[in-house]
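1. Got a predicted model here, sequence first, then my questions.
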2 protein chains.
Amino acid sequence: MKLYSYFRSSAAYRVRIALNLKGIEAEQEAIHLLQSEPLPAYRAAHNPQGLIPALESDEDGLIPQSLAIIEYLEERFPEPALLPAGLAERAYVRAAALLIACDIHPLANLRVLKYLKRELGQEQAAIDTWYRHWVEDGLGRLEAFVTNGGRSGRFILGDTPMMADCLLVPQLFNARRLECDLSSMPTLVAIDARCQEIEAFRKAHPSVQPDAE
Amino acid sequence: MKLYSYFRSSAAYRVRIALNLKGIEAEQEAIHLLQSEPLPAYRAAHNPQGLIPALESDEDGLIPQSLAIIEYLEERFPEPALLPAGLAERAYVRAAALLIACDIHPLANLRVLKYLKRELGQEQAAIDTWYRHWVEDGLGRLEAFVTNGGRSGRFILGDTPMMADCLLVPQLFNARRLECDLSSMPTLVAIDARCQEIEAFRKAHPSVQPDAE
């Protein structure tokens, strides 16, 4: 299997964690998101959706979208599980993951920040404020969801890292890079710290990827 | 079961279609997104994630996030299926759904358009351009993904409406409201037209909801 990745892509980081948690070896091919040429070439040759990451599966062809990849890995390699058994708990884990994937990350994505700068002529300070606004708003709602749910333990669901933890860690990594205020989300910060103790998460960190700068 | 909904919410529209396709009756409670008071009250009383839609399940409590709800409905009421049997096909349907849910809709969401206007002081013309840019870019990539995939028929996968069609129809409804150019996505437009012939889709249309204006 091959993962089209970029060391700093938050969505690729999610998939690297999931692959590591499941003990799956995948070759990585880096697509450098900050250069203008690679994405159109990558889109034409491999992935018509055009974004990072995508998994080239040995059996099932190209799969784009980080959550589609993680759901695929879960169905093909069920152990260790990244979704729990009960329907209510599965919905809770997916709802936490989707809050990050749909409500936070898309607004803090590189292509969006570029549009704010180039097309809307925004200064860097306004772009940073935009970034922090959506990330802090979303993480605040996730903190409320997790603490109100009464289902968290060492991780978002109980004491085993699941799909939602694979998304939380990259989102907090990015939030810290842009100096977001995480003081009102102590539960998420504590879960993130516990994830950092696990090798599967450490091996997926942007700084240790082959294409890291 | 009760669905917290808003007639014009694209994400609620997705869930209404899925409920109808599965023949599940759910009470609707409208949360009016254009008024300032209902969302904080709704968030405090029901849904800490704070956005629309959320499903109050008789057996499994509150489930926010439209895709988490649809995956839940699929697991609890497997027939008629909104995901196919094969792993590659499931990944394809999810990847199409997630392109809409993660790459298009979040950027065209009401709260984002409001921020562009209020916090960034953008004129309506620039906001409309922003909207069309992300919707046309994303739908263009979805058209390429679907046509290159060789898996579409009358619908996104073969001849049965699935999870991805539940997301496509609301996205095209919104795209037309904002006069996006759909001329380069004939496959998606044709699939949407076939969905409109099905009662489950027609009954979910914003114009026929109890809270429609």
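-> Okay, I see it.
2. Let's see the lowest-mean-pLDDT helix or strand in chain A as CSV, backbone CA atoms only.
-> Among the helices and strands of chain A, helix A:38-45 carries the lowest confidence by mean pLDDT, DSSP states H and E, at a mean of 78. Extracted in CSV, the C-alpha atoms of helix A:38-45 (Å, rounded to 0.1, in the frame of the first residue of the first chain):
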residue,chain,number,x,y,z
PRO,A,38,2.7,18.9,-7.8
LEU,A,39,-1.0,19.1,-7.0
PRO,A,40,-2.3,19.4,-10.6
ALA,A,41,0.1,16.6,-11.7
TYR,A,42,-0.9,14.4,-8.8
ARG,A,43,-4.6,15.1,-9.6
ALA,A,44,-4.2,14.2,-13.2
ALA,A,45,-2.1,11.1,-12.7
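3. in it, what counts as buried?
-> A:L39, A:Y42, A:R43 (16 or more other Cβ atoms under 10 Å in any protein chain shown). For every residue, glycine as well, the C-beta is placed using N, CA and C.
4. correct me, but the last one touches A:L62?
-> It refers to A:R43. No - shown here, A:R43 and A:L62 do not form a contact pair, counting by Cβ atoms under 8 Å, at 11.5 Å.
5. ok, back up a step: can you list contacts of the least confident helix or strand of chain A?
-> Contacts with helix A:38-45, where a contact means Cβ atoms under 8 Å, 6 or more residues apart in numbering or on different chains, come from A:Y4, A:I31, A:H32, A:L33, A:Q49, A:G50, B:R141, B:A144.
6. Then stretch A:205-213?
-> Contact with stretch A:205-213 is made by A:S5, A:Y6, A:F7, A:R8, A:Y13, A:R16, A:Q28, A:A30, A:H32, A:F173, A:R202, as judged by Cβ under 8 Å, 6+ apart.
7. tell me the least confident of those residues?
-> In terms of pLDDT, the weakest of the contacts of stretch A:205-213 is A:H32, which scores 82.
8. and it, how far is that from A:F7?
-> As for A:H32, its distance to A:F7 is 9 Å (criterion: Cβ to Cβ, to the nearest Å).
9. More neighbours: those two, which one.
-> When neighbours are counted by other Cβ atoms under 10 Å in any protein chain shown, A:H32 and A:F7 differ, and A:F7 comes out ahead with 20 against 16.
10. Pull out the CA atoms of stretch A:196-212 and give them to me as PDB.
-> Extracted in PDB, the C-alpha atoms of stretch A:196-212 (Å, rounded to 0.1, in the frame of the first residue of the first chain):
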ATOM      1  CA  GLN A 196       1.900  11.400  22.600                       C
ATOM      2  CA  GLU A 197       3.100   8.600  24.900                       C
ATOM      3  CA  ILE A 198       2.100   6.000  22.300                       C
ATOM      4  CA  GLU A 199       4.700   5.100  19.600                       C
ATOM      5  CA  ALA A 200       2.000   4.900  16.900                       C
ATOM      6  CA  PHE A 201       1.300   8.600  17.400                       C
ATOM      7  CA  ARG A 202       5.000   9.600  17.800                       C
ATOM      8  CA  LYS A 203       6.000   7.800  14.600                       C
ATOM      9  CA  ALA A 204       3.200   9.700  12.700                       C
ATOM     10  CA  HIS A 205       4.400  13.200  13.800                       C
ATOM     11  CA  PRO A 206       5.200  15.600  11.000                       C
ATOM     12  CA  SER A 207       8.800  16.200  12.200                       C
ATOM     13  CA  VAL A 208       9.800  12.600  11.700                       C
ATOM     14  CA  GLN A 209       8.400  12.100   8.200                       C
ATOM     15  CA  PRO A 210      10.800  11.400   5.300                       C
ATOM     16  CA  ASP A 211       9.700  14.700   3.600                       C
ATOM     17  CA  ALA A 212      10.000  16.800   6.800                       C
END
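11. what secondary structure does the residue sitting furthest away from the middle of chain A sit in?
-> Most distant residue from the mean C-alpha position of chain A: A:G121, 28.2 Å away (Cα atoms, centre = their mean). Per DSSP: H, G, I helix; E, B strand; the rest coil, the local secondary structure of A:G121 is coil.
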